[in-house]
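Colleague: give me a model of this one.
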Amino acid sequence: MKSVYTVTSKRDDRVFIHIMRGHFVSANNHINYYVGTSDIKHNHGVSVDAAMLLSEYYNTYGIEINTVLCLYETQALGAYLAHELSRPSMMSPNPSREIYIIGSEYDAAGNLIFRDNLVRMIKDQNVLVLISCITSGRTVERAMESVQYYGGRVVGVSSIFSAVDSIQNIPVNTIFNKEDVPGYEAYSATDCPLCQAGEAIDAIANGYGYSMMG
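Modeller: Below you'll find the model as predicted:
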């Protein structure tokens, strides 16, 4: 079993992730670190504190959010984030109280779709895309394209960890970045130095977690 390390947020030491070095394969990349976000997604106390950190950006810049689109089991975090965004503050003394929280559903081709009963929560709405980890940004880009297809406006992208600073000119509001995981790298499947060095794949990883090989 690989060694697992805990990394705490510089802004709130009650918010943390777990990292594990190795050779991991995701849908779009090979990566040399697995970033575990399970506690922020599934532990009530940690999730509430993480939502407070993520809400600061939108409250500070006065970005109105109508809908939080939650990818990869971030619905609990999305609900706490919506709660924080709907609370009165000095920057937003009378915020809109109605913020929708919706999950993700994909068709057979892997496209993000919204059923007829949910389209009204996307169409003409300011949408925040929430995801656990961003490596290349391709998953978020596809989500943004779907939101636009259904008539919504993506005005924010938030993550627990992100290896990129912005996606389609929208800054990524994240708790952890590559500075928190020194040496973090992502490679294409055809240009992976770990593969070229003959290093065996440790696990298959995605936004839900990882499955060890062997």
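
Colleague: what about the chain, any weak spots by pLDDT?
Modeller: Within the chain, the ranges that satisfy pLDDT under 70 run 1, 89-97, 214.

Colleague: where do the helices of it begin and end?
Modeller: 38-42, 44-61, 75-85, 116-119, 138-149, 193-196 (DSSP state H).

Colleague: make TSV from those helices and add distance to G183 to it.
Modeller: C-beta coordinates here come from the backbone N, C-alpha and C atoms, glycine included. Below are these laid out as TSV (distance: least, CB to CB, whole Å):
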stretch	distance to G183
helix 38-42	22
helix 44-61	24
helix 75-85	27
helix 116-119	40
helix 138-149	22
helix 193-196	13
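
Colleague: most packed of these?
Modeller: helix 75-85 (a mean of 22; mean count of other CB atoms under 10 Å).

Colleague: what lies in contact with that one?
Modeller: Residues outside helix 75-85 that contact it (CB atoms under 8 Å, 6 or more residues apart in numbering): 40-42, 44, 47-48, 50-52, 54-55, 58-59, 65, 68-70, 95, 99-101, 103, 128, 130, 158, 160.

Colleague: measure the spatially most central residue of the chain to V35 for me?
Modeller: The residue lying closest to the centre of the chain (CA atoms, centre = their mean) is I131, at 1.9 Å. I131 sits at a distance of 12 Å from V35 (criterion: CB to CB, to the nearest Å).
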